[in-house]
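Colleague: need coordinates for the below:
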Amino acid sequence: MRDYGEGDRAAIERVVAEDDAEVVGSYTIKPNHPGRGAHVANAGYMVAESRRGRGIGYTLGEHSIETARALGYRALQFNQVVATNETAVRLWERPGFVVIGRAPQAFRHPRAGLVDTLMMFRAL
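Modeller: Next comes the predicted model:
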């Protein structure tokens, strides 16, 4: 395990999920903030639209928690989960993420207009 202490973590970890050589999802992990905040990770996820609803997002999420822990991070934080995306909110609540903040009208939804975003956090 790498111990980053108080230094910056410059590396971005990328993971790809494949099924029969087809990319079906991915995630990246990086420091949420440089310097003294670098012990908290931030992650972004994508699942192929044709593969949604099959547990790939949850599997990637679980894998990213373990990866972040192995990289020496102390927590994982999502800065902008769209509040109207109830599927995503439920997905992250299952492995223990909690909402720690709400930003009113911080996202321009293509159909709903301005909607809130949530900050979600999980200690590792």
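
Colleague: on the three-state scheme, residue 64 is what?
Modeller: helix (DSSP: H, G, I helix; E, B strand; the rest coil).

Colleague: ok, it - contacts?
Modeller: By C-beta atoms under 8 Å, 6 or more residues apart in numbering, residue 64 lies in contact with 15, 27, 29, 43, 45, 76. C-beta here means a position set from N, CA and C on the backbone, and glycine is covered the same way.

Colleague: just these now: which is nearest residue 83?
Modeller: residue 45 (17.0 Å; C-beta to C-beta).

Colleague: pLDDT at the closest one, what is it?
Modeller: With respect to pLDDT, residue 45 scores 92.

Colleague: hmm, it is touching residue 58, no?
Modeller: No: using C-beta atoms under 8 Å, residue 45 makes no contact with residue 58, being 10.2 Å away.

Colleague: and the two? Which one has more around it.
Modeller: Taking other C-beta atoms under 10 Å, residue 45 and residue 58 do not tie; residue 45 has more neighbours (18 against 15).
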